[in-house]
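**Student:** have a look; sequence and predicted model below, questions after that.
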2 protein chains.
Amino acid sequence: MKPNIKDIARLAEVSPTTVSRVLNNRGYISKQTRDKVNQAMRELNYYPNELARSLYHQHTYFIGLIFPTTGNPFFGELIFHIENICASLGYKIFLCNSLDRADKEQSYLEMLQRNQVDGIIVGAHNRLPEYKKINLPIVAIDRYLSDDIPVVASDNLNGGKLATKWLLDHGCREIIHINGPRELETPANKRRDGYEQMMKKAGRTPVTYELPESLIYSTCVETVRQVFNNHPKVDGIFASDDLIAATIFSEARKRGIMIPDELKVVGYDGTETVRICLPYLTTIRQPIKEMAEKAVQVLLRKIKGQFEEENREIILPIRLVEGETGRSIHS
Amino acid sequence: MKPNIKDIARLAEVSPTTVSRVLNNRGYISKQTRDKVNQAMRELNYYPNELARSLYHQHTYFIGLIFPTTGNPFFGELIFHIENICASLGYKIFLCNSLDRADKEQSYLEMLQRNQVDGIIVGAHNRLPEYKKINLPIVAIDRYLSDDIPVVASDNLNGGKLATKWLLDHGCREIIHINGPRELETPANKRRDGYEQMMKKAGRTPVTYELPESLIYSTCVETVRQVFNNHPKVDGIFASDDLIAATIFSEARKRGIMIPDELKVVGYDGTETVRICLPYLTTIRQPIKEMAEKAVQVLLRKIKGQFEEENREIILPIRLVEGETGRSIHS
DNA sequence: TTTCACATGTCAACCCATTGACATAAACTA
DNA sequence: TAGTTTATGTCAATGGGTTGACATGTGAAA
């Protein structure tokens, strides 16, 4: 069905080797022959079989991406940037949505290895034993997977501090933190540490609520309700991501709590989507594009064997973005 | 470096053919041999090279996805579902973010062909001549690519009608429509047709504003301002997607326009992300998961050669989702 | 006239797994 | 005991492209 190099050779009346030489720009080829070959390729709508080349070269230019879900705007934007950078460098992306389920993650890892990816970027959270066995360049984003896998993260500790400080500076007296499930040691838990440190420094008692499941925001409403029920006087909430912050807004709206007069909220992530939807949300903006760049850069260095062990944890600076002010009424 | 089938054979003290028989469950194998082979595979951390198998079988189980960007929640969620379904069927996804740029789309198409994908699902909008030449199963989502490429879309015409009707029913007197660039014949333009039909039916004059660029919402603010400036008495806007609706909300907030008292807005898409962020937004919900299912189903049928030409355009029903009411103040 | 850059061809090995053909042999079964 | 089922091995071809070795030939420069 599909033409191969021999078909091109036949049509261009040259040898397969010559076609290969044209394709790879090796050895001597006359302009005339080159044209003839190119013409034949166009005529037959020929594309060299990259699988065969990869097989020979032991190098696929495939990169596997394991993230919870592209549906979440933070991951969606991160993945967009990663793919974009990779594409510009000739690398191709296998997309895997793990939904933070260990079994899925496990089978994706196997799939990626079977398909000979050159490396993997992981933003999924399971600390699978598998990762120790994989003999493949891996970079994690915002996750500690194993001791020897480099991690790219935003400055979560500082983010937690800044968020809390902003609430304190804006006169909040009862500040609660809502975070995802504490699970394993993810850098994102440092947001909580930052919150707790800053609270203690201000002589307050930190109170953190943990969500039962991350990413499933419908289950998060219940926790938010608890916060309001248990702390009728809460006037500041630091949410560990923007969609939790959005959920807080909704619940506040239902309860007739005025924002920001009665309650101030700081979110986390600062994706474009959320900034379009909730421009009045104050949030800690993660440098998403820079994280993508750094992760790809480190991965490619590992792939090329130029990775120096020194910088195993790469922390990028965050920024607090104040929400727009100006009053308006939505119902 | 990586072990191959011969390494396994050597360690398990069998022939490579026997290993292959174990892997593919062909012919007769004793339990004892099977165990020995499996043990060897575990020991060497062996994964069969899927590239080699694909090369032989002329079937990769790769599917290419070309969409503008995973960063947009609609595409992010759509891609999530597509990947999810494909993964459950043993297909793997090559992710391509075209940003609606024809040059990128073109080079992705070439890349996918070189990498021997079994099929492509396209949600990018360029009507490239290339598509006629590609000798590969393709399915489009919400885009007419060429006459013989099946399209999966939501019922845009009805969506436009429903949205407009809702605004009319809620007493709006001056209703404007904001849509993406008209470009080529995309099914999404039928939202506009629906709006115009419904307006005419109600004896009103339809007014549609076109955005200069889709997906870049920063440029969309200017258009929204124009709408407000040119139509001080506008009290209803049908936005062709939710993020445009969000932009309208923001601008309204800046101008002190009360929502919904003075202005009612209906969006389009109804992604989870936007429903979390803007639960009070009335919108036309596209059946994202069903669209993903249908697209994959049609593509796989084409891949397997079971596709019947009859149903070339598959239209799935939409639903108007009313925003939550209840007043609250954000600033 | 010699030498060398240029141009192309032939051939085989290689990457890794699959598969069909064929051989061999042990263990059942009729 | 003959015939069948089970179990495994050997071998070569296949898929598509790459590459190194080597051969051959032309034309131009030294």
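**Tutor:** Sure thing, it's come through.
**Student:** number of nearby residues for A:E309?
**Tutor:** 7 (other CB atoms under 10 Å in any protein chain shown). (Each C-beta comes from the backbone N, C-alpha and C, glycine too.)
**Student:** tell me the SS of it?
**Tutor:** Of the three states, A:E309 takes coil under DSSP: H, G, I helix; E, B strand; the rest coil.
**Student:** please tell me how far it sits from A:D148.
**Tutor:** 8 Å (CB to CB, to the nearest Å).
**Student:** one more: A:T18?
**Tutor:** Distance from A:T18 to A:D148, by CB to CB: 47 Å.
**Student:** between those two, which has more neighbouring residues?
**Tutor:** Taking other CB under 10 Å, A:T18 and A:D148 do not tie; A:T18 has more neighbours (21 against 10).
**Student:** for that one, which non-adjacent residue is spatially closest?
**Tutor:** Nearest non-adjacent residue to A:T18, counting by CB to CB, 6 or more residues apart in numbering or on different chains: A:T33, 6.4 Å away.
**Student:** tell me who's in contact with the one you found.
**Tutor:** A:T33 makes contact with A:12, A:14, A:18, A:22, according to CB atoms under 8 Å, 6 or more residues apart in numbering or on different chains.
**Student:** what is the helix or strand where the last one lies packed up against?
**Tutor:** Using DSSP states H and E, A:V22 sits in helix A:16-24. In this structure, helix A:16-24 makes packing contacts with helix A:5-12, helix A:31-44, judged by 3 or more CB pairs under 8 Å, 6 or more residues apart in numbering or on different chains; DSSP states H and E.
**Student:** show me what contacts the residue in chain A sticking out farthest from the centre?
**Tutor:** Relative to the centre of chain A, and counting by CA atoms, centre = their mean, the farthest-placed residue is A:E13 at 49.9 Å. Taking CB under 8 Å, 6+ apart, we find A:E13 in contact with A:K36.
**Student:** got the angle between the helix holding A:V22 and helix A:31-44?
**Tutor:** 90 degrees (axes from the mean of the first three to the mean of the last three CA atoms, to 10 degrees).
**Student:** residues of helix A:16-24 that come out buried?
**Tutor:** Judged by neighbour count using 16 or more other CB atoms under 10 Å in any protein chain shown, the buried positions of helix A:16-24 are A:18-23.
**Student:** can you check stretch A:207-227 too?
**Tutor:** By neighbour count on 16+ other CB under 10 Å, the buried set for stretch A:207-227 is A:207-209, A:211, A:214-215, A:217, A:220-221, A:223-224, A:227.
**Student:** and for stretch A:231-239, what's in contact with it?
**Tutor:** Residues from elsewhere that reach stretch A:231-239, judged by CB under 8 Å, 6+ apart: A:160, A:163-164, A:167-168, A:170, A:172-178, A:191, A:195, A:207, A:227-228, A:245, A:247-248, A:262-268.
**Student:** what's the span of that stretch, first residue to last?
**Tutor:** End-to-end distance for stretch A:231-239: 15 Å, by CA to CA, to the nearest Å.
**Student:** what's the mean pLDDT across it?
**Tutor:** Averaged across stretch A:231-239, pLDDT comes to 96.
**Student:** any idea how far it is from the chain center?
**Tutor:** From the chain centre to the centre of stretch A:231-239 is a distance of 29 Å (CA atoms, centre = their mean, to the nearest Å).
**Student:** kindly export stretch A:293-313 (C-alpha atoms) in CSV.
**Tutor:** C-alpha atoms of stretch A:293-313 as CSV (Å, rounded to 0.1, in the frame of the first residue of the first chain):
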residue,chain,number,x,y,z
GLU,A,293,11.1,24.8,29.5
LYS,A,294,13.2,23.7,32.4
ALA,A,295,11.7,20.2,32.5
VAL,A,296,12.4,19.7,28.8
GLN,A,297,15.8,21.1,29.1
VAL,A,298,16.8,18.9,31.9
LEU,A,299,15.3,15.9,30.2
LEU,A,300,17.1,16.5,27.0
ARG,A,301,20.3,16.9,28.9
LYS,A,302,19.7,13.5,30.5
ILE,A,303,18.9,12.0,27.2
LYS,A,304,22.1,13.3,25.8
GLY,A,305,24.1,12.2,28.8
GLN,A,306,25.0,15.8,29.7
PHE,A,307,23.1,16.0,32.9
GLU,A,308,25.1,17.0,36.0
GLU,A,309,23.8,15.5,39.2
GLU,A,310,24.2,18.6,41.2
ASN,A,311,20.9,20.3,40.4
ARG,A,312,18.4,17.6,41.3
GLU,A,313,15.7,20.0,42.5
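**Student:** does any part of that stretch sit near chain B?
**Tutor:** No. Shown here: stretch A:293-313 not in contact with chain B (CB under 8 Å from any CB of the partner chain), separated by at least 12.1 Å.
**Student:** pull out the buried residues from that stretch.
**Tutor:** By 16+ other CB under 10 Å, the buried positions in stretch A:293-313 come out as A:293-296, A:298-300, A:302-303, A:307.
**Student:** mind listing residues that contact that stretch?
**Tutor:** A:63, A:81-82, A:85-86, A:89, A:91, A:118-121, A:137-139, A:141, A:148, A:150-153, A:314, A:316.
**Student:** residues in contact with A:M111?
**Tutor:** The contact partners of A:M111, by CB under 8 Å, 6+ apart, come to A:94, A:96, B:92.
**Student:** A:A163 is in contact with A:Y268, isn't it?
**Tutor:** Yes. Counting by CB atoms under 8 Å, A:A163 touches A:Y268, with 7.1 Å between them.
**Student:** so what sits against both of those two?
**Tutor:** Common neighbours of A:A163 and A:Y268, using CB under 8 Å, 6+ apart, are A:191, A:238, A:284.
**Student:** what about the second one, distance to DNA strand C?
**Tutor:** What that stands for is A:F238. According to CB to the nearest atom of the strand, to the nearest Å, A:F238 and DNA strand C sit 50 Å apart.
**Student:** tell me the secondary structure at that residue.
**Tutor:** Following three-state DSSP, we place A:F238 in the strand state.
**Student:** what does the last one give?
**Tutor:** Under the three-state scheme (three-state DSSP), the conformation of A:I284 reads as strand.
**Student:** bridging residues for it?
**Tutor:** When bridges are called by DSSP bridges, A:I284 pairs up with A:Y268, A:L320.
**Student:** can I assume it is in contact with A:I318?
**Tutor:** Yes. A:I284 is in contact with A:I318 according to CB under 8 Å; the separation is 5.1 Å.
**Student:** now the common contact residues for these two.
**Tutor:** Taking CB under 8 Å, 6+ apart as the contact rule, A:I284 and A:I318 both touch A:159, A:162.
**Student:** which one of the two has more residues nearby?
**Tutor:** Using other CB under 10 Å as the criterion, A:I284 and A:I318 rank with A:I284 on top: 29 against 25.
**Student:** what sits against the more buried one?
**Tutor:** Applying CB under 8 Å, 6+ apart to A:I284 gives the contacts A:159, A:162-163, A:266-270, A:318-321.
**Student:** between those, which sits nearest DNA strand D?
**Tutor:** Among the contacts of A:I284, A:D269 lies closest to DNA strand D (CB to the nearest atom of the strand), at 42.9 Å.
**Student:** how many other residues sit next to that closest one?
**Tutor:** Residues near A:D269, counting by other CB under 10 Å: 28.
**Student:** wait, it sits on A:D242?
**Tutor:** Yes. Between A:D269 and A:D242 a contact is recorded at 4.7 Å, counting by CB under 8 Å.
**Student:** need the overlap of contacts for these two.
**Tutor:** Contact with both A:D269 and A:D242 is made by residues A:73-74, A:283, according to CB under 8 Å, 6+ apart.
**Student:** buried ones among those?
**Tutor:** Buried subset of these (neighbour count, 16+ other CB under 10 Å): A:73-74, A:283.
**Student:** how near is the residue of the stretch 51-200 of chain A found nearest DNA strand D to B:T70?
**Tutor:** Residue nearest to DNA strand D within the stretch 51-200 of chain A: A:A52 (3.2 Å; CB to the nearest atom of the strand). Separation of A:A52 from B:T70 (CB to CB) stands at 30 Å.
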